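Undergrad: please work out how this folds:
(4 chains)
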Protein chains: 2
Amino acid sequence: MVTIQDIANKAQVSAMTVSRVITGSAPEKVSAATRARVLKIAEELGYTPNIAARALRAKCSFLFGLVVSGIDHSFTASIVEGIQEVAMSKDYSCLLYITRGNTELEIRSLEALVAKQADGIIWVPNKQIPVCIPKLSQRVKIVQLLNKEVDHLPAVLVDQVRGQYLATSYLTQLGHRYIGYVMKNDRHSRERLIGHRQALADAGIYSSPVINLENDWSGQVDAIRLFLTENPQITAIAASTDMLAWCAIQAAGHLGRRIPDDLSITGFDNIELATQVIPALTSVDQPKKNLGQVAMQVLTRYIQGEEVEDVTMQTQLVVRNTTANNGSRSVALRPGPAADR
Amino acid sequence: MVTIQDIANKAQVSAMTVSRVITGSAPEKVSAATRARVLKIAEELGYTPNIAARALRAKCSFLFGLVVSGIDHSFTASIVEGIQEVAMSKDYSCLLYITRGNTELEIRSLEALVAKQADGIIWVPNKQIPVCIPKLSQRVKIVQLLNKEVDHLPAVLVDQVRGQYLATSYLTQLGHRYIGYVMKNDRHSRERLIGHRQALADAGIYSSPVINLENDWSGQVDAIRLFLTENPQITAIAASTDMLAWCAIQAAGHLGRRIPDDLSITGFDNIELATQVIPALTSVDQPKKNLGQVAMQVLTRYIQGEEVEDVTMQTQLVVRNTTANNGSRSVALRPGPAADR
DNA sequence: CTGTTAGCGCCTTCAC
DNA sequence: GTGAAGGCGCTAACAG
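TA: Down below sits the predicted model:
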């Protein structure tokens, strides 16, 4: 371990001078010659600052925590990437805690982070809000990501309602009038349903079949198949997640309905799978990487004691191959998008 | 921030006594009464040890890094879970670095970890080995996970060859004689090919069509479809990953071949997707969580200066619904697995 | 421009 | 059983 003192000895200057060079603070207080010499020796000796000492002195650990339920389907991976990028540039390191949706584990993770003296936490809340949050939030700065579950803590969010509005509007513009909504029963899916209904209303459509699926996997495809059979007039499905959209693709396949000719499908999240399924999925893209970047920026500002406000980010519709005009096989015969049926 | 001194003042004892109680070292050196009192006050004050100070003193950061190319398809998630579990029990925190397969980023991550004084690193190497590894490995303890790319560093591995041997053997036991191997061109897939060939050889089969796919997604399904068309005698496919197996399912679907009746398929990795596709995928399970646990155990022993050796872990075949006897529709007519054709 | 002093919170060492 | 001293590596604050 090479210390500042070592450099000071070799360079024949005081430790303080070395410190000034290393940290780059108050550059006017050290001559160019000294600076060069110190830098050279630091390089030679392979000096790396001791963050523990620094943290002790600065009363700031340069550590923050990321508490997420899981890192599946490349969604969180992109977020982490964004976080990482900003964190690196600010000399912050990311402590990762995965909770698997387990509230018990979530609490332990948050507490561990306090114990570890993390300066802040980026937290993707689960359904259940741990009761300890108010207590913990006095000791660390917590930024909520994706879900705003606790009122007085800042949050970085995505406008789910508007996102689904984009997707469903696109379907109505393609001339679809009977659009089924396939959802599971979680917070985002419910928010998206609101956007779905807004889009329908704006297109003058006031009813739409909805199927609300349980959260486990078994039988989802079958359930959607039944849903399609019972609602034969459906020409398009808006799914509240890409995974559900994928189930819908499979269900349609079993019924012999071709996509997008016989049935249009939209997803939400734009996960990697969306490009890997065949046909590639039209989906609402969440700005994942950007989300991570913004969250980290908000967190650092929050840590520094600045006032921070909630940020809501927007989505984008990515059109791929699962959507087509209603009755697309005869689309060439029609002059433009059907205004009515 | 509550310090040991604060507790000492309030408890009317020396800081040293408090320290002894808190750390639990040399318990015989403090009376039960004092201990109880100190503990009570620590609790009241909400004391949490300052790890920065501890790290400074102990010359040990209690931090380790995890450097992975990505966290996709729940594979790494389980590994991280295992790592986390052991790490928590040993008071270690995990710094996560995601490299996206980018060697540049990988180097920066490893160097950042050295700069951050991480005690050790669990590293899942990419194809290209950063040249800086030998230099870095003098300053941190590095354990390789999944790939052994650097000879003199310990590794925690999975027996890929044996894993594929299990899958292909199962297919031969089901009476399949024409088994296509679908792979991409990476290290694990190549190792698995060896196991595949061993299993075939042990069943007296000495040739098998192999298709080696590029690493991007576009056209994989089509490529497999072509492969199946050009090798019509194939009754089973051993895919070197679950994702490829999934592509094979899609390709088979396009050709109107029913699974498992007309075509058996095995995957490898047993990712979450394997249970979500229809039909559910027969796959070789990698002991993901266990892998993480073992890696972390090896790392802590390594950090403590113990001699550590490579660990190779075994896989398990998980039979689901994509595999059936060759000619399964008439299987009831046959007395047992076909010994020859 | 440069140097000295002091202390962040913890715990090993030695003395009582 | 208990306590006092000292230092890990770093850097504000204050002299010169």
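
Undergrad: from now on I want contacts and neighbour counts done on CA atoms only, so please keep to that.
TA: OK.

Undergrad: can you map out the strands along the stretch 151-300 of chain A?
TA: A:155-158, A:179-184, A:210-213, A:236-239, A:264-269, A:282-285 (DSSP state E, counting those that start in this stretch).

Undergrad: got TSV for the ones you listed, with distance to DNA strand D and mean pLDDT too?
TA: Shown next, in TSV, are those (distance: least, Cα to the nearest atom of the strand, whole Å; pLDDT from 0 to 100):
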stretch	distance to DNA strand D	mean pLDDT
strand A:155-158	31	97
strand A:179-184	51	97
strand A:210-213	55	96
strand A:236-239	52	98
strand A:264-269	42	97
strand A:282-285	42	98
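
Undergrad: format the ones you listed as TSV; extra columns: mean neighbour count and distance to A:Glu306.
TA: Below are the strands of the stretch 151-300 of chain A laid out as TSV (neighbours: other Cα atoms under 10 Å in any protein chain shown; distance: least, Cα to Cα, whole Å):
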stretch	mean neighbour count	distance to A:Glu306
strand A:155-158	23	14
strand A:179-184	24	38
strand A:210-213	16	42
strand A:236-239	29	39
strand A:264-269	29	32
strand A:282-285	25	31
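
Undergrad: dump those strands into a markdown table; add distance to B:Asp186 as well.
TA: Below are the strands of the stretch 151-300 of chain A laid out as a markdown table (distance: least, Cα to Cα, whole Å):
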| stretch | distance to B:Asp186 |
| --- | --- |
| strand A:155-158 | 37 |
| strand A:179-184 | 37 |
| strand A:210-213 | 38 |
| strand A:236-239 | 35 |
| strand A:264-269 | 29 |
| strand A:282-285 | 30 |
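
Undergrad: from A:Ile142, how far off is A:Pro287?
TA: 21 Å (Cα to Cα, to the nearest Å).

Undergrad: stretch A:21-37 near chain B at all?
TA: No: using Cα under 8 Å from any Cα of the partner chain, stretch A:21-37 stays clear of chain B, coming no nearer than 13.6 Å.

Undergrad: now what about that stretch, what contacts it?
TA: A:Ala11, A:Thr17, A:Val18, A:Arg20, A:Val38, A:Leu39 (Cα atoms under 8 Å, 6 or more residues apart in numbering or on different chains).

Undergrad: for these, work out which two are farthest apart.
TA: Farthest-apart pair in those is A:Ala11 and A:Arg20; separation 13.6 Å (Cα to Cα).

Undergrad: quick check: which of the strands of the stretch 151-300 of chain A is nearest to B:Gln84?
TA: Among these, strand A:155-158 sits nearest to B:Gln84 (Cα to Cα), with 26.1 Å.

Undergrad: other residues contacting that closest one?
TA: The contact list for strand A:155-158 (Cα under 8 Å, 6+ apart) reads A:143-148, A:286, A:291, A:294-295, A:309-315.

Undergrad: hmm, A:Leu105 is touching A:Glu111, no?
TA: No: shown here, A:Leu105 and A:Glu111 do not form a contact pair, counting by Cα atoms under 8 Å, at 9.8 Å.

Undergrad: nearest residue to the residue minimising distance to the centre of chain A other than its sequence neighbours?
TA: Centroid check for chain A by Cα atoms, centre = their mean gives A:Lys288 as the closest residue, at 4.4 Å. Nearest non-adjacent residue to A:Lys288, counting by Cα to Cα, 6 or more residues apart in numbering or on different chains: A:Ile79, 5.0 Å away.
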